[in-house]
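**Q** Starting from these lines, generate the structure:
(one chain, ligands or ions: 2)
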Amino acid sequence: MKKIIVIPGDGIGQEITKSAVEVLKKVDEKFNIGLEFETRDAGGTSYEKFGTPLTDEALDACKKADGVLFGAVGGKKWDSLPVHLRPEKAIFGLRKGLGLFANLRPTKVYPELINSSPLKPELVGGSDLLIVRELVGGIYFGKRCESEINAQGDEQAWDTEIYSVPEIERITKLAFETAKLRRGKVTSVDKANVLAASRLWRKVVVDVAKDFPEVELNHLYVDNAAMQLVLNPKQFDVIVTNNIFGDILSDEAAVIGGSIGLMPSASIGELTSLYEPIHGSAPDIAGKDIANPMGTILSAAMLLRYSLKEEAAAQTIEAAIDKTLADGWRTADIFTEGFKKIGTAQATEIICKNL
Ligand code: IPM
Ligand code: MG
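**A** Ligands and ions are numbered 1, 2, ... in the order given. Just a heads-up that it's a prediction; the model follows:
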């Protein structure tokens, strides 16, 4: 049996993970993978039940799982809680606790949705890139100070961008190995003209690259990379970058394809890996059967691909989504005149039928 821990989380997380589990069960019937599901809470939902955004029990269950399927966390209701009780804390607890060091965020441009892209169709058509973001280091986890009084008597706060050689090596190797299976190009993004941690980053990337002579490597400063993403996204295959630059660039890259609702992600770890859509918990539309479940369903496909090595099953899901879009079915977030509007449940039903 393959155990999958499902963490619906908050807001639309509940509906979209339910859809993805339905699809996974259907796929399991076809491919006999032997999937077994267990649910755990995280985020605001966990705080309401247990007084903490992530329990040790939930984290332990994830550690023992073959894969974790995650919805989304967060909501206005919990925004005023102290930092250590906020829903986002669950995300960091899972990332650190499971050692999820690499976040893979692919951007695919669906021909059917190309007109929803904010960029000109001729610019985005055919672009296919993957951001490999370092996820458990850098300024997100460096030493910080929320408030102190400086020598001038003014209040100040600070964070630290810090990377060790092994941390950079680990993420870089994964990026190069991934590029080998794609178009063989890695773009490393840093701010080596200003930051010491970026200069070390670049040095280590150059060293690691020596073991991958078949992969082409170039370097961009993050400001230029942000510009190049909208000027000419087709130049990119794999982008490898640190935690904060990856956070920013992956949101930018996610909309190139036309809808953030369709973008999956994989967070690869030492103990297990976690799969979640890029979008958030969207509390304003939660429980209304209008959320797009496709990002989560495509995340489930990544789980099959990377954690369970079930490539054929993963492709079956991706093809079912392609067909659903090609047949003109659209959830509200990607709906335009002339197409057929559907809700979460109906989209799930159609995708299951298309498997
Ligand atoms: C993401 C999100 C998180 C991050 C937030 C919710 C803490 O933006 O997964 O990209 O910054 O990593
Ligand atoms: Mg982000």
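
**Q** ok, and the closest non-adjacent residue to the residue of the stretch 101-250 of the chain found nearest ligand 1?
**A** The nearest approach of the stretch 101-250 of the chain to ligand 1 comes at residue 247, 4.5 Å away (C-beta to the nearest ligand atom). Any C-beta I mention is one placed from the backbone N, CA and C, and that applies to glycine too. Once flanking residues are discounted, residue 247 sits nearest to residue 133: 6.9 Å by C-beta to C-beta, 6 or more residues apart in numbering.

**Q** rewinding a little: can you tell me which helices and strands whichever strand or helix holds the residue of the stretch 101-250 of the chain closest to ligand 1 packs against?
**A** Counting by DSSP states H and E, the element that carries residue 247 is helix 243-256. Contacts defined by 3 or more C-beta pairs under 8 Å, 6 or more residues apart in numbering; DSSP states H and E place helix 243-256 against strand 100-108, strand 128-134, strand 185-190, helix 222-231, strand 238-241.

**Q** just the helices in the stretch 51-200 of the chain please.
**A** Assigned by DSSP state H, counting those that start in this stretch, the stretch 51-200 of the chain shows helices spanning 56-63, 88-97, 121-124, 165-180, 196-209.

**Q** Would you mind listing the buried residues in the helix holding residue 247?
**A** Going by neighbour count (16 or more other C-beta atoms under 10 Å), the buried part of helix 243-256 is 243, 244, 245, 246, 247, 249, 250, 253, 254, 255, 256.

**Q** thinking again about what came up before, got JSON lines for the helices of the stretch 51-200 of the chain, with distance to ligand 1, mean pLDDT and mean neighbour count too?
**A** Compiled in JSON lines, those are given as follows (distance: least, C-beta to the nearest ligand atom, whole Å; pLDDT from 0 to 100; neighbours: other C-beta atoms under 10 Å):
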{"stretch": "helix 56-63", "distance to ligand 1": "17", "mean pLDDT": "98", "mean neighbour count": "17"}
{"stretch": "helix 88-97", "distance to ligand 1": "5", "mean pLDDT": "96", "mean neighbour count": "20"}
{"stretch": "helix 121-124", "distance to ligand 1": "21", "mean pLDDT": "93", "mean neighbour count": "14"}
{"stretch": "helix 165-180", "distance to ligand 1": "15", "mean pLDDT": "98", "mean neighbour count": "19"}
{"stretch": "helix 196-209", "distance to ligand 1": "18", "mean pLDDT": "98", "mean neighbour count": "18"}
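
**Q** And the helices and strands packed on helix 243-256: which comes nearest residue 306?
**A** Proximity to residue 306, assessed across these by C-beta to C-beta, is greatest for strand 100-108 (7.9 Å).

**Q** what's the residue nearest the centre of the chain in contact with, if anything?
**A** The chain has residue 265 as the residue nearest its centroid, 3.0 Å off, counting by C-alpha atoms, centre = their mean. When contacts are counted by C-beta atoms under 8 Å, 6 or more residues apart in numbering, residue 265 touches 103, 104, 105, 106, 250, 275, 276, 277, 278, 299, 302.

**Q** phi, psi of it?
**A** phi -150, psi 160 (degrees, to the nearest 10).

**Q** Tell me how far the nearest residue to it once chain neighbours are set aside lies from residue 116.
**A** Spatial nearest neighbour of residue 265, chain neighbours left out: residue 105 (4.8 Å); criterion: C-beta to C-beta, 6+ apart. Residue 105 is 19 Å from residue 116, where distance means C-beta to C-beta, to the nearest Å.

**Q** repeat for residue 72
**A** According to C-beta to C-beta, residue 72 stands 21 Å off from residue 116.

**Q** do the same with residue 181
**A** Plainly put, residue 181 is 28 Å away from residue 116 if you go by C-beta to C-beta.

**Q** ok, the two, which is more surrounded?
**A** More crowded of residue 181 and residue 116, by other C-beta atoms under 10 Å: residue 116, with 17 against 8.

**Q** Check that one and give its pLDDT.
**A** Here, the pLDDT recorded for residue 116 equals 84.

**Q** So it is in contact with residue 336, correct?
**A** Yes: applying C-beta atoms under 8 Å, one finds residue 116 in contact with residue 336, separated by 7.0 Å.

**Q** near ligand 1, which residues of this protein?
**A** Residues of the chain found near ligand 1 (C-beta under 6 Å from any ligand atom) are 88, 91, 247.

**Q** 5 Å - rerun?
**A** Residues of the chain lying close to ligand 1 (C-beta under 5 Å from any ligand atom) are 88, 247.

**Q** Low-confidence stretches in the chain?
**A** Applying pLDDT under 70 to the chain flags no residue at all.

**Q** In it, which helix is the longest?
**A** As assigned by DSSP state H, the longest helix anywhere in the chain is helix 13-31.

**Q** for it, packing partners?
**A** Under the contact criterion of 3+ C-beta pairs under 8 Å, 6+ apart, helix 13-31 touches strand 2-9, strand 35-39, strand 67-72, helix 294-306, helix 311-326, helix 344-353.

**Q** how about the residue lying farthest from the centre of the chain, phi and psi?
**A** Each residue of the chain has a distance to the centre, and by C-alpha atoms, centre = their mean the biggest one is for residue 152: 42.2 Å. Geometry field for residue 152 lists phi and psi as phi -80, psi 0, criterion degrees, to the nearest 10.
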